[in-house]
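Trainee: With the sequence up front, the predicted model follows.
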Amino acid sequence: MKPKKNKVRALGLCSGGLDSMLAAVILRQQGIDTEWISFETPFFSADKARKAADLLGISLTVCNITDRYLPMLTAPPCGYGQHMNPCMDCHALMFRIAGEWMEANDFDFLFSGEVLGQRPFSQTRPSLRYVEKHSGRDGYIVRPLSARLLDETIPEKNGWIDRNRLMAISGRSRKEQMALAERFGIRHYPSPAGGCLLTDKGYSDRLRDVFAHQKVYRESELHLLRYGRHFRLSAATRLIVGRTRDENEELVRYVDPSLDVVLKTQGIPGPTAVLPGFSEDAAMLRLAASICAGYTKADRSQTVSVFANGVGYREAFSIFPLPPQEVRERLIGGS
């Protein structure tokens with residue numbers, strides 16, 4: 001056994017949930033210098049991690065990993081969960097990137113708040129082992145909440161961590177974690193519900209549609225999938241129609257006027273609509289405008305003015321509204 005280092009440094013993957021927080025506190029109580037890394041893509045954010053870092057006073061690094069995430073997402077070796085969530089390969093990629101950061105910044109090992117048996121697909125013993133083997137840091141991933149139920153890691157063998165002071169939690173019950181939170185004085189933490197959009201059926205249906213019809217996709221397009229009703233008008237054209245004022249504002253936020261067209265009704269309240277990456281002719285634009293107008297209270301026998309802006313267009317179309325029931329078959333995933 002190697003002697004314990006003067007100052008052991010550990011880098012944790014942080015989701016911002018209670019388990020992540022407890023894992024860091026458990027290690028910190030052993031005098032280990034703990035920091036966190038958290039990742040962002042259009043599918044999940046690091047907002048909870050930022051709040052947890054502020055609460056516990058733990059240094060946090062946030063990395064946008066979209067460019068590395070998308071190739072894995074289109075063809076995950078272990079496949080998907082219930083929807084488009086590639087949990088095992090997602091975790092392996094995150095540990096791989098964290099391992100690179102660990103090596104570049106002189107950390108000694110990685111840790112996470114994963115609990116054995118908490119999730120039936122991604123936190124079984126074989127799943128945890130798969131992630132470790134494909135992370136590039138085999139033996140250097142510590143899971144403090146379940147460590148005594150798992151194989152001994154290199155940091156434990158080297159005496160950098162006292163294994164007896166780690167936990168042996170398993171299963172889906174959170175009673176032990178809540179008791180630990182009380183013991184450590186952690187009173188504010190988010191619910192355990194996940195924040196990954198890839199576990200959402202509606203979002204997953206829209207993402208599958210994008211993958212089926214496009215070879216390349218901008219990060220902003222993936223953000224747009226979160227909002228509105230989505231219609232497949234042709235192999236090359238997708239229409240998004242906002243459902244609320246807030247959604248209308250979010251849609252505009254992710255628009256690139258050089259690539260996307262924005263539609264807005266004039267003289268009558270109505271939704272904002274977006275045609276991402278629009279490349280077809282004015283006839284397709286008129287169809288999209290008529291669908292947009294169909295979500296107003298306009299008389300179906302009267303024309304509505306819809307203004308189109310973007311990709312060289314800056315003009316108003318006078319069209320008849322197309323009732324929603326007549327375009328229902330074009331909806332993607334019943335959104």
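Mentor: Everything's here; your move. Residues are numbered from 1 along each chain as shown.
Trainee: any idea where the helices of the stretch 101-250 of the chain begin and end?
Mentor: 125-133, 154-157, 175-184, 201-213, 219-224, 245-253 (DSSP state H, counting those that start in this stretch).
Trainee: Could you export the ones you listed as a markdown table, including mean pLDDT, mean neighbour count and distance to residue 270?
Mentor: In this view, the C-beta of every residue, glycine as well, is placed from N, C-alpha and C. Below are the helices of the stretch 101-250 of the chain laid out as a markdown table (pLDDT from 0 to 100; neighbours: other Cβ atoms under 10 Å; distance: least, Cβ to Cβ, whole Å):
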| stretch | mean pLDDT | mean neighbour count | distance to residue 270 |
| --- | --- | --- | --- |
| helix 125-133 | 95 | 17 | 48 |
| helix 154-157 | 98 | 19 | 59 |
| helix 175-184 | 94 | 14 | 48 |
| helix 201-213 | 97 | 17 | 22 |
| helix 219-224 | 97 | 19 | 19 |
| helix 245-253 | 96 | 15 | 9 |
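Trainee: Looking at these, spot the one closest to residue 142.
Mentor: helix 154-157 (5.8 Å; Cβ to Cβ).
Trainee: Determine how far the closest one lies from the middle of the whole chain.
Mentor: Helix 154-157 sits 32 Å away from the centroid of its parent chain (Cα atoms, centre = their mean, to the nearest Å).
Trainee: Please enumerate the strands of the stretch 201-335 of the chain.
Mentor: 229-232, 238-241, 261-266, 272-275, 304-310, 313-319 (DSSP state E, counting those that start in this stretch).
Trainee: Which of those strands sits closest to residue 26?
Mentor: Checked against Cβ to Cβ, the stretch from the strands of the stretch 201-335 of the chain lying closest is strand 229-232, at 43.9 Å.
Trainee: which helices and strands does the closest one pack with?
Mentor: helix 201-213, strand 238-241 (3 or more Cβ pairs under 8 Å, 6 or more residues apart in numbering; DSSP states H and E).
Trainee: Same question for that strand: list its buried residues.
Mentor: 229-232 (16 or more other Cβ atoms under 10 Å).
Trainee: cool, stretch 163-172 as well?
Mentor: Those would be 166-167, 169-170, for stretch 163-172 by 16+ other Cβ under 10 Å.
Trainee: can you check stretch 137-151 too?
Mentor: 137, 140-147, 149-150.
Trainee: Out of these, which sit inside strands?
Mentor: 141-142 (DSSP state E).
Trainee: now the buried residues of stretch 137-151 in a markdown table, with pLDDT and distance to residue 190?
Mentor: Formatted as a markdown table, those follow (pLDDT from 0 to 100; distance: Cβ to Cβ, whole Å):
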| residue | pLDDT | distance to residue 190 |
| --- | --- | --- |
| 137 | 97 | 27 |
| 140 | 98 | 28 |
| 141 | 98 | 23 |
| 142 | 98 | 23 |
| 143 | 98 | 20 |
| 144 | 98 | 19 |
| 145 | 98 | 17 |
| 146 | 98 | 20 |
| 147 | 98 | 23 |
| 149 | 97 | 25 |
| 150 | 96 | 25 |
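Trainee: What is the nearest of the buried residues of stretch 137-151 to residue 176?
Mentor: residue 145 (8.3 Å).
Trainee: What separation do you get for the closest one and residue 282?
Mentor: 59 Å (Cβ to Cβ, to the nearest Å).
Trainee: what do you get for residue 303?
Mentor: Distance, residue 303 to residue 282, by Cβ to Cβ: 16 Å.
Trainee: repeat for residue 17
Mentor: 50 Å.
Trainee: of the two, who's got more company?
Mentor: Set side by side, residue 17 and residue 282 show more neighbours around residue 17, with 20 against 12, by other Cβ atoms under 10 Å.
Trainee: who's in contact with that one?
Mentor: 48, 52, 113, 189-190, 192 (Cβ atoms under 8 Å, 6 or more residues apart in numbering).
Trainee: Provide a ChimeraX selection command restricted to the buried entries of those residues.
Mentor: Restricted to buried positions by 16+ other Cβ under 10 Å, the ChimeraX selection for the contacts of residue 17 reads:
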select :48,52,113,189
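Trainee: nearest to residue 26, of the contacts of residue 17?
Mentor: Out of the contacts of residue 17, the member with the shortest distance to residue 26 (by Cβ to Cβ) is residue 113, at 9.6 Å.
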